[in-house]
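> Below are the sequence and a predicted model for it; my questions follow.
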Amino acid sequence: MDRILRRRDALRAELASQDVAALLVVDPSNVAYLTGFTGDSSYLLVGRDGRDMVLSDGRFTTQLEQECPGLEAYIRPNVQPMTKAVAEIAEKLRLPSLGFEASHLSVADFEAVKGELKSTSLAPTTGLVEKLRQIKDNEEVGLIREAVAIAQDAFLRLKRELKAGETEKEAADRLEAHMRALGATGTSFPSIVAVGVRAALPHARPTSETRIGDDDFVLIDWGACGRSYKSDLTRVVVTGNVTPKFEEVYGVVLEAQKRAVQAIRPGVKAQDVDAEARSYIEQAGFGRFFDHGLGHGIGMDVHEGPRLRRESPTILEPGMVVTVEPGIYLPEWGGVRIEDDVLVTPDGREVLSSLPKELDSVRA
C-alpha cells in the first residue's frame, strides 16, 4: 500500500474516536503530509468511509495529477471562495458531521463555512494529523538527514570565510546563499547571527550595524529546508578571545546538552529529558538564565511535536526527531546555545548532526 495512503488510513482510524464523518484538513503541511502535494491554497477532505478529496483551484490541476495520482480532486471555479467549496462538497457528500482543524481554520472561515451548511454539523478537532507526523518513517528521516547535511556544509563554508568587519546580516545572507547553492529549497527560518551581547536574545535578528569582531564570539542558529523537510542547528563561534567567563558558560551548556542527549530513548518522558539539562544548568547557578524549552520536534515544519519542555508528558517513541538546544542568556554579556537534531531509535538515540562542539573547535 502507498505510504501516503497509509497515512490517511491511520488518520481514518483516529476519526473513529472523534464521532465525525470526515475531517477537513487545512494546514498546508498537514495537507502535504497526507497527499504528497507541494502546492498551496488547497484543503483535503478525509472521509471515514474511505473517500478522500482535495479541494483546490485551476492553478494546480496538472500538479495535482502529477503529485497525487488517484486522489479525487474538486477544482473550484476562480469565483468561488474556498469556504463555499467546502460547504458544497460537504452537502454533496451528505456528510452529517465534519471535523475541522481548530488550530488552523480561522474564525472568519469557520463562520463562513458554517453559514453555508444546511445539514452538516461542524466539530473542532486538534492535533490529529500532528500526532501522526511525530513519528517519521525511514524516508522522512532520510530527508531530514539531507537537510542536516546541507546546513552543516553551509556552516563550515561560512566559518572558514568569517572575517572581522562584516555585519551580522551580511554573514546571515551568505550562510543562506550557501545553503541554497548546496541544494536547499530555502531556509527553515530566518537565520540568526548574533554577536556578543546580542546573543543574549534567543531569537536575535541580524542587523546591519553590529559587526563580526565587535565582541569575542558570535551565536549562529540556522537550518536548511531540503525536499520539504527541515533541519535546525546552533553553534557559537569565537572570533576573539576565549575568556574565562565564556569558557565557564560554554562548558555548562555543553555538559547540559550532552546529558540531555544521553537521556533520549524510547519510553522516556519529554519532560524528563528537559529536566536533565535544566537541573544541571540550575546546579551551576544559571537556572534563571535558561527560560525556554529544551527542544522541539522537527520535520516538515521547523517546530512540531513532540516538545521537550517542563511538564510535557509525551513519551518518546522510535522515529521521533527532536532538537536539543539548552542555552544560557546573560543580559549585557551575551548568550550561548548549542543545538543538534536527534533521532529516537529503537534502542536509544542517534545524533543526526555532527559538527564539532567541544571548546577547542569553536574558533573561527
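Right, received. Where do you want to start?
> Tell me, how many residues neighbour the closest residue in space to Asp232 that isn't next to it in sequence?
Nearest non-adjacent residue to Asp232, counting by CB to CB, 6 or more residues apart in numbering: Gly223, 4.1 Å away. C-betas here are computed from N, CA, C, even on glycine. Residues near Gly223, counting by other CB atoms under 10 Å, number 26.
> OK, contacts around Gly223?
147, 151, 187-189, 230-233, 302 (CB atoms under 8 Å, 6 or more residues apart in numbering).
> let's go with 10 Å and repeat that
147-148, 150-151, 154, 179, 184, 186-189, 191, 230-234, 298, 302, 323, 339, 341 (CB atoms under 10 Å, 6 or more residues apart in numbering).
> Name only those of those that count as buried.
Neighbour counting with 16 or more other CB atoms under 10 Å marks 147-148, 150-151, 154, 179, 184, 187-188, 191, 230-234, 298, 302, 323, 339, 341 as buried within those.
> Go through the contacts of Gly223 and flag which are in helices.
147-148, 150-151, 154, 179 (DSSP state H).
> can I get these in a markdown table with pLDDT and distance to Cys68?
Below are the ones in helices among the contacts of Gly223 laid out as a markdown table (pLDDT from 0 to 100; distance: CB to CB, whole Å):
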| residue | pLDDT | distance to Cys68 |
| --- | --- | --- |
| Ala147 | 98 | 23 |
| Val148 | 98 | 28 |
| Ile150 | 98 | 27 |
| Ala151 | 98 | 29 |
| Ala154 | 98 | 32 |
| Met179 | 98 | 28 |
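> pLDDT value on the most centrally placed residue in the chain, please?
Central residue of the chain (CA atoms, centre = their mean): Val302, 1.7 Å from the mean position. Listed pLDDT for Val302 reads 98.
> what's the answer for Ala16, then?
86.
> buried ones in stretch 290-309?
290, 293-302, 304-309.
> Distance from it to the middle of the chain?
Distance, stretch centre to chain centre, for stretch 290-309: 7 Å (CA atoms, centre = their mean, to the nearest Å).
> quick one: low-confidence parts of the stretch 1-150 of the chain?
1 (pLDDT under 70).
> quick one, domains of the chain?
The chain resolves into domains spanning 3-133, 138-361 when parsed by automatic domain parsing.
> Please save the CA atoms from whichever strand or helix holds Leu175 in PDB.
Here Leu175 sits within helix 168-181, counting by DSSP states H and E. What follows is helix 168-181, C-alpha atoms only, in PDB (Å, rounded to 0.1, in the frame of the first residue of the first chain):
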ATOM      1  CA  GLU A 168      25.600  40.100  11.100                       C
ATOM      2  CA  LYS A 169      23.200  40.500   8.200                       C
ATOM      3  CA  GLU A 170      26.000  40.000   5.600                       C
ATOM      4  CA  ALA A 171      27.100  36.800   7.300                       C
ATOM      5  CA  ALA A 172      23.500  35.600   7.600                       C
ATOM      6  CA  ASP A 173      22.800  36.400   4.000                       C
ATOM      7  CA  ARG A 174      25.900  34.500   2.900                       C
ATOM      8  CA  LEU A 175      25.000  31.500   5.000                       C
ATOM      9  CA  GLU A 176      21.600  31.300   3.400                       C
ATOM     10  CA  ALA A 177      23.100  31.600   0.000                       C
ATOM     11  CA  HIS A 178      25.500  28.700   0.700                       C
ATOM     12  CA  MET A 179      22.500  26.600   1.800                       C
ATOM     13  CA  ARG A 180      20.700  27.300  -1.500                       C
ATOM     14  CA  ALA A 181      23.800  26.700  -3.500                       C
END
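> picking up where we left off before, mind checking which of the contacts of Gly223 are in strands?
Residues from those lying in strands, with DSSP state E as the criterion: 186-187, 233-234, 323, 341.
> Let me have those in TSV, extended by pLDDT and distance to Gly39.
TSV is the format used below for those (pLDDT from 0 to 100; distance: CB to CB, whole Å):
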residue	pLDDT	distance to Gly39
Gly186	97	15
Thr187	98	20
Leu233	98	29
Thr234	98	32
Thr323	98	28
Asp341	98	27
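> Many thanks, I have nothing further to ask.
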